[in-house]
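[1] Fold the following.
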Amino acid sequence: MAMAVQRLHKDAQVTIGPWIDRGFYYDFDLPTPLSDKDLKAIRKEMQKIVRMNLPFIREELSPAEAEARIKQINEPYKLEILQSILARDSAAPITIYHIGETDHPAHWWDLCAGPHVESTGAIPVDAFELESVAGAYWRGDEKNAMLQRIYGTAWESAEQLAAYQHLKVEAARRDHRKLGQELDLFSIQEHAGGGLVFWHPKGGITRHIIESFWKDLHLQRGYDLVYSPHIAKVDLWKTSGHFDFYKENMYDQMQVEEELYQLKPMNCPFHVAMYKDGYYSYRDLPKRWAELGTVYRYERSGTMHGLFRVRGFTQDDAHIFCLPDQIASEIKGVLDLTEEVLSAFGFTQYEVNLSTRPEGHIGGDEIWDTAEAALRESLAAKGWNYVVDEGGGAFYGPKIDVKIQDAIGRKWQCSTIQLDFNLPERFDMTYVAADATKQRPIMIHRAIFGSMERFFGILVENYAGAFPLWLAPVQARLLPVNEAVLPYVQEVDARMRKAGVRAEVMERASIAKMIRTAEKAKTPVMCVVGAKEAEAGTLAVRLYGGEDVGSVPADEVLSRITAASSSRSSKF
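    Numbering: from 1, shown residues only. Here you go, the predicted structure:
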């Protein structure tokens, strides 16, 4: 693609062009903005290059020779990339790839690590597409030049490309930002601050249902609920290490009575502070403390994306303080709870990763051996397949990550179970062991949703906005055919609300219009009420999607909806 761009735009300067999930991008410094028309021309030029069947030829150079060649073609960004490679490793091999022999009229080269296919002809000419253009700062720093980033995708066949494009269209139809506005679930008010979520009544009630389910289940599984402040003195964050290692993601401090306070980016130091406020023996452990705690993290404006990346969000946090020989049973309990929670929302296919000790880790090998063995034992007991990321753990402990698969096959990182040997040490946490000595507890960080905002966005896209009956903001809409049936409709509405059914009476209009409005709002149950239904004490039930259930006694409609709510079902 970079070759095609420079063949069409002689003044284009190339920067970087990595592969990403489902495609690739390349950043260019160009004096004029690219349009969709330009993308079509670039793709056409790429197809010409493919048909030339030019070989990819690897050449290894000395740093001095590479620098000389880059300067010769006046590519300052490539020169900076070369310098950054050598700064990381002065002995790193420096390679360029030629497209075509050096004496070929179309010859082109780029600084690249490779590898590549043997020739451009090995790339299916009808299996790649250029998708969009976006702005991107060089090196991701807004102080640097603004570049033009071209996104593309490439596949092994035209059929695979077509399948991907269908998925892309489906993903756009399910976009939570679009549906959130259409269904009046939430908004992000830029005038009030980017990345800050305003939960509207309909989104708010669904969030309340999710949170209530989460809290009730945690209480049943032996957790205690805790609440912590939104700010704390900077000293707490210095003790935890966040101030030194996470400062770029934290907001500036605020001064309160000549002391500096900090908005919390994490909940964990607060739970540690609560633990420190007590006195525990080995008989008191484990302690399981759960909190839906709102945190605040700085994100650059260009990185935020709907509910998926925001500046203020609520983590479904929990921390377990336990003995070393309790790790396996506690992790197994967390995995069971994770499955129970996620499956309630229809997520039953998972991708599981176990990340082990990296170089430079803290803590002795004995505790790492114990912890890693416990995680493997727990996963084996669960019967879950998993991939080991050797050396991919945090410096303070191994972890398990769980990705869920949604209705159209996309995978989302949600649940994390992280062991921590660092905070207990930094905060001097102890318990009294059986031999009366003071020992460090094991700390387990654990989140199932990850954050309420991101999980809610995933749910909206997974359901395409059509929440199952137990989660729907409005479970039933009552559609009065005429004014005469309003007393009966209002009576049914009152009975439903008293029973906990989320019902609404629609404003009078034609039946066709009321049904269209209810369908557009993705209401699970629509109840048409005419004179016949009012006289018989029934409701003419129609389900979202068009299924006509027919005439059903009002009490039965009510009992079916309440049964669906209690069993967390989508079935009427």
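[2] So which elements touch the helix or strand bottoming out on mean pLDDT in the chain?
    Least confident element among the helices and strands of the chain, by mean pLDDT, DSSP states H and E: helix 242-245 (a mean of 87). Helix 242-245 sits against helix 234-240, with contacts defined as 3 or more Cβ pairs under 8 Å, 6 or more residues apart in numbering; DSSP states H and E. Backbone N, C-alpha and C define where each C-beta goes, glycine included.
[3] What average pLDDT does the helix it packs on get?
    Helix 234-240 shows an average pLDDT of 93 in the prediction.
[4] now swap in stretch 504-511 and tell me
    pLDDT averaged over stretch 504-511 gives 91.
[5] do the same with stretch 452-467
    97.
[6] ok, now stretch 370-389?
    Rounded mean pLDDT across stretch 370-389 is 93.
[7] related to what we said a few turns ago, quick one: contacts of the least confident helix or strand of the chain?
    V234, W237, K238, M250, Q262, P265, M266, P269 (Cβ atoms under 8 Å, 6 or more residues apart in numbering).
[8] List only those of these flagged as buried.
    Among the contacts of helix 242-245, those classed as buried by 16 or more other Cβ atoms under 10 Å are V234, W237, M250, Q262, P265, M266, P269.
[9] which non-adjacent residue is nearest the third one?
    Right, M250. The shortest distance from M250 to any non-neighbouring residue, by Cβ to Cβ, 6 or more residues apart in numbering, is to P265 (5.1 Å).
[10] Now for T517, how many residues are close by?
    Residues lying near T517 (other Cβ atoms under 10 Å) number 16.
[11] same deal with L539?
    By the measure other Cβ under 10 Å, the count of residues near L539 is 29.
[12] Identify the residues contacting it.
    Residues counted as contacts of L539 (Cβ under 8 Å, 6+ apart) are L478, V492, C527, V528, V529, E533, S551, V552, P553, A554, V557.
[13] From those, pick the one nearest G114.
    Closest approach to G114 among the contacts of L539 (Cβ to Cβ): C527, at 64.0 Å.
[14] who touches the residue nearest to M250 in this structure?
    H242, Y246, N249, M250, V295, Y296, R297.
[15] check which helix or strand covers it.
    Secondary structure assignment for P265, by DSSP states H and E: no helix or strand.
[16] Give me the phi and psi angles of it.
    Here is the backbone geometry of P265 (degrees, to the nearest 10): phi -90, psi -10.
[17] Which SSE is immediately downstream of the longest helix seen in the chain?
    Across the chain, the longest stretch assigned as helix under DSSP state H is helix 201-220. Later in the chain than helix 201-220, the nearest helix or strand by DSSP H and E is strand 224-225.
[18] what helices or strands is that next one leaning on?
    Counting by 3+ Cβ pairs under 8 Å, 6+ apart, strand 224-225 packs on helix 201-220, strand 287-296.
[19] Looking at those, which is nearest to P18?
    strand 287-296 (30.3 Å).
[20] Which helix or strand contains the residue nearest to W108 when sequence neighbours are not counted?
    Spatially, and ignoring its direct neighbours in sequence, W108 is nearest to M3 (4.4 Å; Cβ to Cβ, 6+ apart). Applying DSSP H and E as the criterion places M3 in helix 2-8.
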